[in-house]
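> 3D model of this:
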Amino acid sequence: MEQYIIKGGNPLVGEVEIGGAKNAALAILAAAIMTDETVTIENIPDVNDINVLLEAIEGIGAAIQRIDRHSVKINGSGIRDFNIEYDYIKKIRASYYLLGALLGKYKKAEVALPGGCNIGSRPIDQHLKGFRALGAYVDIEHGKIIAEADRLKGSHIYFDVVTVGATINVMMTASMSEGLTILENVAKEPHVVDVANFLNSMGADIRGAGTDVIKIRGVSKLHSTTYSIIPDQIEAGTFMFAAAATRGDVTVMNVIPKHLEATIAKLVEMGCEVEEFDDAVRVVSKGDLRKTHVKTLPYPGFPTDMQPQIGVTLALSRGTSTITESIFENRFKYLSELARMGAKVKVEGNSATIEGVKALSAARVSAPDLRAGAALVIAGLATDGVTIVDDIMYIQRGYERFEEKLASLGAVIERVSTEREIQKFRLRVS
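Okay, the predicted model is just below:
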């Protein structure tokens, strides 16, 4: 089992290049099988979730050609199997996007019920509601979602809750259904817009992505395209909070500042200097950080995927802050690990109170999920002494070359897998 070992106390300084958005890439790779022609996708992040999904797509008969680390060609004309096995789903929840893609193209799909990070209940009832409204028969049997239809017909669908997954999944199916589909109370996240733009580049007719109402006029056929995925706003935000927590000066490159507005606003409230450019954002953290209050909300609100990163930073800020988590109920698991490093935290239901301390102390901690793992790395970077973060397979699901990018900013961090390597690191930095 691999760990990160970190000698903290260095401010992060320099420039870091942000990769393609993982959450957009997962949906776009699934949507790429909706044509029999070859699709080229660029700026995909080289992370475990992406590689597992590509294996799943190849496993049902699609042809996958890796052009380079960040580009792939996909041809779905050879798909004969509509069954996505549990082995893939249990590793990454986003395999369920193949349900919407296969149902739209072939009017049939079987996908195991999803797994992924254990951050709380993520029901798929809105996905199923949408598929049924389009005319599909949907049932759950033996741990699988089975969806099939003689024909799919456009419908007016109002989602009971704002949900990114269902918005994308139903949008994919509707793009190849007959007639007009209107989706209301939809998610407006940047990766929803990116998936809509990708489908449109294949010949779909989707309008309104990024607003409360998406209108989709179904087409009978999609065609080849070459498409580049948007930058990852969560990776960008992670480095921005790492700069804040370590009292650093970091410029995140290859970003869309508009997507980072909620993150930027909180950093400014906490006392950081933030400078925006056309495709970059610079964060400078000097002196004491200030308390603030955070509530996670669907976009354009503060993202739930940034909550652990701001939580760690608030643990090192003056005063008492509160975080209200309104998306996932199990997203505070990292706080018990942070408490092992000396943080003063109290969790009641979906709210956490964090009383800032002058410094955290190094400890051995365990990553409970993807974003929490990245947050604990930030805690280690901001702490004098040697911190070890276990279970980093979660982090590797969503961050490409994480330790290399941090090291390029001056972090002393290594990926190790044995106690001997840990001891060698300790001797070297002592």
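> In which helix or strand does Cys377 reside?
Rather than Cys, residue 377 is Val. For Val377, the host element (DSSP states H and E) is helix 370-381.
> next helix or strand past that helix?
With DSSP H and E, the next secondary element past helix 370-381 is strand 386-390.
> gap between that following strand and the chain center?
23 Å (Cα atoms, centre = their mean, to the nearest Å).
> hey, C-alpha coordinates of it in CSV?
Presented in CSV, the C-alpha positions along strand 386-390 are these (Å, rounded to 0.1, in the frame of the first residue of the first chain):
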residue,chain,number,x,y,z
VAL,A,386,6.9,14.6,9.0
THR,A,387,3.3,13.7,8.2
ILE,A,388,2.4,10.4,6.6
VAL,A,389,-0.9,10.1,4.6
ASP,A,390,-2.1,6.5,4.1
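> List the contacts of it.
1, 3-8, 341, 362-367, 373, 376-377, 379-380, 395, 422, 425-426, 429 (Cβ atoms under 8 Å, 6 or more residues apart in numbering). (C-beta placed from N, C-alpha, C; glycine too.)
> tell me the angle it makes with helix 370-381.
Per axes from the mean of the first three to the mean of the last three Cα atoms, to 10 degrees, the angle that strand 386-390 makes with helix 370-381 is 170 degrees.
> Report the mean confidence score over the helix or strand that comes right after strand 386-390.
Remark: after strand 386-390, the chain's next helix or strand is helix 393-396, criterion DSSP H and E. Taken as a whole, helix 393-396 has an average pLDDT of 94.
> Write a PyMOL command that selects only the buried members of the contacts of strand 386-390.
The PyMOL selection below is limited to those of these classed as buried (16 or more other Cβ atoms under 10 Å):
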select buried, resi 3+4+5+6+7+8+341+362+363+365+366+367+373+376+377+379+380+395+422+425
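> Looking at the contacts of strand 386-390, which are in strands?
3-7, 364-366 (DSSP state E).
> Farthest pair within those?
Spanning the widest gap among these are Lys7 and Ser366, at 19.0 Å by Cβ to Cβ.
> Geometric centre of the chain: which residue is closest?
Taking Cα atoms, centre = their mean, the centroid of the chain lies closest to Asn23, which sits 4.7 Å from it.
> Surely Lys7 touches Val429?
Yes: counting by Cβ atoms under 8 Å, Lys7 does reach Val429; the two are 4.3 Å apart.
> list residues touching both of the two?
386, 412.
> hang on, Tyr97 in a helix?
Yes: according to DSSP: H, G, I helix; E, B strand; the rest coil, Tyr97 belongs to a helix.
> dump the residue contacts of it.
Tyr97 touches 26-27, 30-31, 165, 168-169, 172, counting by Cβ under 8 Å, 6+ apart.
> Looking at these, point me to the pair that's furthest apart.
Ala31 and Gly165 (13.4 Å).
> ok, those two, which is more surrounded?
Neighbour comparison, Ala31 and Gly165: the larger count goes to Ala31, with 32 against 22 (by other Cβ atoms under 10 Å).
> helices and strands of this protein: which one has the lowest mean pLDDT?
When each helix and strand of the chain is scored by mean pLDDT, DSSP states H and E, helix 86-89 comes last, with a mean of 65.
> Any stretches of the stretch 101-250 of the chain with poor pLDDT?
Residue ranges of the stretch 101-250 of the chain with pLDDT under 70: 114-122.
> mind listing the strands for it?
108-112, 137-141, 144-148, 156-158, 180-184, 205-207, 213-217, 226-228, 249-253 (DSSP state E, counting those that start in this stretch).
> Quick one: those strands as TSV, columns for distance to Asn350 and mean neighbour count too.
TSV is the format used below for the strands of the stretch 101-250 of the chain (distance: least, Cβ to Cβ, whole Å; neighbours: other Cβ atoms under 10 Å):
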stretch	distance to Asn350	mean neighbour count
strand 108-112	29	21
strand 137-141	28	12
strand 144-148	28	20
strand 156-158	25	15
strand 180-184	26	19
strand 205-207	34	16
strand 213-217	29	20
strand 226-228	37	15
strand 249-253	29	21
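> Adding distance to Glu325 as columns, could you present those strands in a markdown table?
Putting those into a markdown table (distance: least, Cβ to Cβ, whole Å) gives the following:
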| stretch | distance to Glu325 |
| --- | --- |
| strand 108-112 | 28 |
| strand 137-141 | 28 |
| strand 144-148 | 27 |
| strand 156-158 | 25 |
| strand 180-184 | 26 |
| strand 205-207 | 31 |
| strand 213-217 | 27 |
| strand 226-228 | 33 |
| strand 249-253 | 25 |
